[in-house]
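Engineer: turn this into a structure:
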Amino acid sequence: MNIQVPTALLDGSVLALLAKEDTYGYIITKAMQDLLGVSESTMYPVLRRLKKDGYLETYDQPFEGRIRRYYRLTETGQEHLTEIKAAWGDFRQAINSLLEEK
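Structural biologist: Presented below is the predicted three-dimensional model:
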C-alpha cells in the first residue's frame, strides 16, 4: 500500500534533512526516495518552491570540474520547520489514537 506524502510532511522532511547539514539536490532526492518513496520528478519542484518561499537558499560549489548547487536552510526555514514539527506531533497523536487498538 502506498500512502501519498502530504506537502507539509514532504516540506518538513526536506527542511529537517537540511537542518542537519547543507547538501545538494541529488542527495536530498535520494534520501527522500529511500525514506518516503518520493520520485525525483517530485523533488526538484519542491526544492524550487521552498527556495521561492524563502525557506531555503542556494550556493554553488565546484566539484570535479562541474558545479554543484547546494541548499541551505534559512532562518525562516528553521522557523517553518519548528511549526511543521509541532503540527506533526498533534497529527501523529490524533492518528495514533484512531489506529491503535486499546
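Engineer: surely Arg72 meets Gln61?
Structural biologist: No - using C-beta atoms under 8 Å, Arg72 is not in contact with Gln61; the gap is 11.3 Å. Heads up, the C-betas are built off the backbone N, CA and C, glycines and all.
Engineer: look at those two and report which has more neighbours.
Structural biologist: More neighbours surround Arg72 than the other of Arg72 and Gln61, with 14 against 11 (other C-beta atoms under 10 Å).
Engineer: so who does the residue nearest to the more buried one when sequence neighbours are not counted touch?
Structural biologist: Spatially, and ignoring its direct neighbours in sequence, Arg72 is nearest to Asp22 (4.5 Å; C-beta to C-beta, 6 or more residues apart in numbering). Taking C-beta atoms under 8 Å, 6 or more residues apart in numbering, we find Asp22 in contact with 59, 70-73.
Engineer: Leu9 versus Asp22, what's the distance?
Structural biologist: 22 Å (C-beta to C-beta, to the nearest Å).
Engineer: just Tyr55 next, same as before
Structural biologist: Counting by C-beta to C-beta - Tyr55 and Leu9 are separated by 14 Å.
Engineer: more neighbours, these two?
Structural biologist: Tyr55 (23 against 15).
Engineer: Ala94 belongs to a helix?
Structural biologist: Yes - counting by DSSP: H, G, I helix; E, B strand; the rest coil, Ala94 is found in a helix.
Engineer: now do the contacts for the residue lying closest to Glu40 once chain neighbours are set aside.
Structural biologist: In space, and not counting its chain neighbours, Glu40 is closest to Thr29: 5.0 Å by C-beta to C-beta, 6+ apart. Going by C-beta under 8 Å, 6+ apart, Thr29 touches 38, 40, 43-44.
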